[in-house]
Structures are given as C-alpha cells and as structure tokens.
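Student: could you look at this predicted model? Sequence included:
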Amino acid sequence: MLEGKNVNLRVQEKEDLPLVAEWLNDPEFFGVFSPLRQQSKTELEKGFDKVTPETKWFFIEKKDGSKIGGISHFPAGKLLEIGYALIPSERGKGYCTEAAKIMVDYLFLAKDIVRIQTHIDPRNIASWKVIEKAGFKKEGTVRKSSFFKGEWRDMLLYSILREEWKEPKILTKTISRE
C-alpha cells in the first residue's frame with residue numbers, strides 16, 4: 001500500500017473485481033469526458049490474468065478504508081501514462097490530486113523512467129487542475145486522437161519529467177502486505 005496524508009493507494013486484487021465492474025459499467029463514474037466502458041466481471045477476470053507488471057491498477061482509499069476511486073499506470077510506448085477517476089460524491093475534495101502526487105512519487109522512486117504523461121479532454125477543467133497541482137505541464141493538443149461518445153476529440157497532453165519532480169512530494173511511506 002502507498003500511504004499519503006489523506007488517502008492511500010492499494011493495488012487492486014482479483015477479489016475486488018465486482019466493485020471494479022460496477023464502477024466501469026456506471027457512466028457517472030468516469031463522467032462526461034471519458035469513453036463509455038461496459039465490461040462484465042468475466043471479461044475483467046480474463047483481462048486481470050493477462051495484466052503485465054508495467055500496468056498496475058490501484059484503489060484510492062480514504063483513511064477509513066472506503067474505496068472512492070481508482071488510479072492506474074500503464075505503458076504508452078516506452079513511457080508510462082496515468083489515468084484516474086473518483087466516485088462523483090468524492091470529487092472536488094483534493095483526494096484525486098493527492099492520489100496523482102502519490103502515483104508520481106511512487107513511479108519516479110520505483111521505476112527507471114524519465115517521464116510520466118497523461119491525456120485529458122480539453123473540456124475537463126477539473127482534471128487539468130488535478131494534474132497541474134501534481135506538477136505536470138501542458139505540452140499541447142493532440143488533435144482528434146480519441147473517438148468516444150460518437151465523435152473524434154482532441155486531447156491535451158500533459159507530462160512531468162524526473163528533473164521537474166526531484167523528490168517525493170506526498171508519499172509518506174510504502175506498506176507491504178506480506
């Protein structure tokens with residue numbers, strides 16, 4: 001487990017898949033700026049067994065253990081990309097910003113990488129704020145790079161470089177569950 005000040009990140013396990021399936025099949029979970037996802041628990045289980053070490057899904061948990069969202073890292077060529085979502089009732093409280101900072105700390109401490117990036121719908125101002133507070137810089141617009149909800153959409157490309165990060169900002173400790 002990765003521990004922050006207000007939230008922890010816990011790796012998703014196979015027994016967590018019913019909740020993950022519930023969230024993935026709820027259009028409100030990802031909101032209006034993300035593609036519609038519809039996956040059965042069976043499809044998730046098949047995919048879970050094929051996940052590589054370069055891809056990792058974490059729950060965002062409040063200190064009382066309640067699961068309020070998810071954050072992941074995954075390969076984008078030779079780079080790592082992150083993505084995140086919170087349940088609607090927990091948005092706007094700083095939890096996602098803290099989770100993004102924890103993820104950046106973890107990735108730069110644990111992986112030999114020089115860059116982490118993410119793509120954000122230009123209309124998703126809340127997500128811009130999260131990622132900018134986590135130290136990412138906007139690089140530009142990737143035109144018509146994503147097709148979802150019936151249209152081609154531009155995406156903003158954000159990144160943070162190792163030399164911009166320099167040291168952990170929020171990760172307080174790593175807890176092993178062994």
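Tutor: Perfect, I can see it now. Residues are numbered from 1 along each chain as shown.
Student: can you name the residues in contact with the strand or helix carrying residue 141?
Tutor: Residue 141 is part of strand 137-148, with elements assigned from DSSP states H and E. Residues from elsewhere that reach strand 137-148, judged by CB atoms under 8 Å, 6 or more residues apart in numbering: 34-36, 119, 121-122, 128, 132, 152-160, 164. Backbone N, C-alpha and C define where each C-beta goes, glycine included.
Student: ok, stretch 114-125 next?
Tutor: Against stretch 114-125 from outside (CB under 8 Å, 6+ apart): 31, 33-34, 73, 76, 79-83, 104, 107-108, 127-128, 131, 136, 141-142, 145-146, 153-162.
Student: now with 7 Å?
Tutor: In this structure, residues lying in contact with stretch 114-125 by CB atoms under 7 Å, 6 or more residues apart in numbering are 33, 76, 79-83, 104, 107, 127-128, 131, 136, 141-142, 153-162.
Student: with stretch 93-109 instead?
Tutor: By CB under 7 Å, 6+ apart, stretch 93-109 touches 2, 4-7, 9, 60, 68-69, 71, 73, 80, 82, 84, 86, 113, 116, 130-131, 133-135, 160, 162, 165, 168-171.
Student: so how far is it off the chain centroid?
Tutor: Centre-to-centre, stretch 93-109 and its host chain are 9 Å apart (CA atoms, centre = their mean, to the nearest Å).
Student: appreciated, that's everything.
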